[in-house]
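Novice: heads up, no residue letters with this:
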């Protein structure tokens, strides 16, 4: 984009801050709370326009509150010591080991072979494969890893335009769906548990998150598969999956597989150590076992996302501690009313709309304080329910190419158009809202979450 446009957008962002600074402080709100709402809108505008790289915007959001006298600088910079930051770093290192070992290709090819020559089953296979791998590594990394395999199979089919569209979109959707299932699949989930711990003192383990989120994953896969193959019915052509003979597991593949399996088992059955510690143990083991060198980790860790975290935590904790989230929530009640089900549905819909226009993590960072505020003023609702629902909804950017890197990466192949994504994504988004809402009101209630 033109540099002049970027500068204009940055000017508008700072104008938003200036307006909030000059406005009189409303009744029931402190100066600090007023300015944190200003920072929230300032950040949302930067995240949507991307006038600055997201990591730089995260740093800027951290700098603004001390400058405005809202927080002490040391307190803000201390947010980088959050457990979720190190969980994220460890997860990316584990994913790098999985990729470097070559294990990902063996798993992917053998998995796709089981879906025979049926085009509809092939689309289901791509959805499942993307979702399952995204449970243990970054969803965006899975898209990059699987893209050559899926493109290879689609290129050797000889025709079948709808199948090529559905197959490539299924890769993006499967990874987005699977990414919400565990704390390893995306940046939003660790950020959400960090928000809960920092603001409400609530600790969520790996298995507790999985129990709440995996039913959404398992429910979404069949409904998205059916809707995708209805909107883009695959032609009856022969599906050819790669036939490489990988032979027995190599030494590096074996070491990577053992480390990943041991890490997942420790995450499921060890609570005292903490999620971040367990993941970091697995990450260090990748180096000790000779699977990775440090240069591999440097390439694998998206430092911009890590920096964005600092800004996101600043927004969340600042809104909560200053009382801004509660004040804003009471104003939103005029729109939502005080019915807890309607409030929850409102949060899910708003998050899905935002996540189509900005980074998933950024959208969740903007909505979590709003959800926490509503949870404090609406009887029958709690911050754990609103936060997890927002995190799940933040992963379902199905309609726009810019909604998630997975959409953009698969779109770059030229197999489908933005119009194709909107057609399939509208239905997928409606299913996503419905599934999250139903699971929250049934399973989560049965589990005693609310």
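Specialist: Here it is on my side, so go on. If you're wondering where the values come from, they're calculated on a predicted model, not measured in any experiment.

Novice: Quick one: the helices in the stretch 251-400 of the chain, in order.
Specialist: Counting by DSSP state H, counting those that start in this stretch, residue ranges of the helices within the stretch 251-400 of the chain are 251-269, 275-288, 294-300, 303-321, 324-336, 340-355, 360-377, 383-393.

Novice: Export those helices as JSON lines, with columns for mean pLDDT, mean neighbour count and distance to residue 209.
Specialist: Placement of C-beta: from N, CA and C, glycine included. As requested, the helices of the stretch 251-400 of the chain are arranged in JSON lines below (pLDDT from 0 to 100; neighbours: other CB atoms under 10 Å; distance: least, CB to CB, whole Å):
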{"stretch": "helix 251-269", "mean pLDDT": "89", "mean neighbour count": "17", "distance to residue 209": "10"}
{"stretch": "helix 275-288", "mean pLDDT": "92", "mean neighbour count": "20", "distance to residue 209": "9"}
{"stretch": "helix 294-300", "mean pLDDT": "87", "mean neighbour count": "13", "distance to residue 209": "23"}
{"stretch": "helix 303-321", "mean pLDDT": "79", "mean neighbour count": "24", "distance to residue 209": "17"}
{"stretch": "helix 324-336", "mean pLDDT": "83", "mean neighbour count": "18", "distance to residue 209": "22"}
{"stretch": "helix 340-355", "mean pLDDT": "92", "mean neighbour count": "21", "distance to residue 209": "17"}
{"stretch": "helix 360-377", "mean pLDDT": "87", "mean neighbour count": "26", "distance to residue 209": "14"}
{"stretch": "helix 383-393", "mean pLDDT": "96", "mean neighbour count": "26", "distance to residue 209": "8"}
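
Novice: Of all the ones you listed, which one is nearest residue 155?
Specialist: Closest approach to residue 155 among those is made by helix 251-269 (26.3 Å; CB to CB).

Novice: Can you name every helix or strand that that closest one contacts?
Specialist: If you count contacts as 3 or more CB pairs under 8 Å, 6 or more residues apart in numbering; DSSP states H and E, helix 251-269 packs onto helix 83-100, helix 103-113, helix 206-231, helix 275-288.

Novice: let's see it at 6 Å
Specialist: helix 103-113, helix 275-288 (3 or more CB pairs under 6 Å, 6 or more residues apart in numbering; DSSP states H and E).

Novice: just so I know, which of those lies nearest residue 302?
Specialist: Closest among the helices and strands packed on helix 251-269, using CB to CB: helix 275-288, at 15.1 Å.

Novice: Mind giving me the packing neighbours of the closest one?
Specialist: Taking 3+ CB pairs under 6 Å, 6+ apart as contact, the helices and strands that helix 275-288 lies on are helix 83-100, helix 251-269.

Novice: what comes into contact with the shortest one?
Specialist: Helix 83-100 is contacted by residues 104, 137-138, 141, 145, 184, 187, 190-191, 194, 256, 275-276, 279-280, 282-283, 286, 291-292, 296-297, 300-301, 309 when judged by CB atoms under 6 Å, 6 or more residues apart in numbering.

Novice: just how off-centre is it within its chain?
Specialist: 15 Å (CA atoms, centre = their mean, to the nearest Å).

Novice: and if you look at stretch 18-36?
Specialist: Distance, stretch centre to chain centre, for stretch 18-36: 31 Å (CA atoms, centre = their mean).

Novice: With distance to residue 74 added, can I get the helices and strands packed on helix 251-269 in TSV?
Specialist: As requested, these are exported to TSV (distance: least, CB to CB, whole Å):
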stretch	distance to residue 74
helix 103-113	42
helix 275-288	22
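
Novice: To residue 338, which of those lies closest?
Specialist: Between residue 338 and the helices and strands packed on helix 251-269, the tightest spacing by CB to CB is seen for helix 275-288, at 34.5 Å.

Novice: quick one, that closest one and helix 206-231 angle?
Specialist: Using axes from the mean of the first three to the mean of the last three CA atoms, to 10 degrees, one finds that helix 275-288 and helix 206-231 are set 80 degrees apart in direction.

Novice: and helix 275-288, how far out from the chain's middle?
Specialist: With CA atoms, centre = their mean as the basis, helix 275-288 stands 22 Å off its chain's centre.

Novice: who touches that helix?
Specialist: When contacts are taken as CB under 6 Å, 6+ apart, the neighbours of helix 275-288 outside the stretch itself are 83, 86-87, 90-91, 93-94, 97, 183, 206, 259, 263, 266-267, 292.

Novice: cool, and stretch 250-270?
Specialist: For stretch 250-270, with CB under 6 Å, 6+ apart as the criterion, the contacting residues are 97-98, 101-103, 206-207, 278, 282, 285-286, 289, 291.

Novice: rerun that using 8 Å as the cut-off
Specialist: With CB atoms under 8 Å, 6 or more residues apart in numbering as the test, stretch 250-270 has contacts from 94, 97-98, 100-103, 106, 136, 183, 206-207, 210, 249, 273, 275, 278-279, 281-282, 285-286, 289-291.
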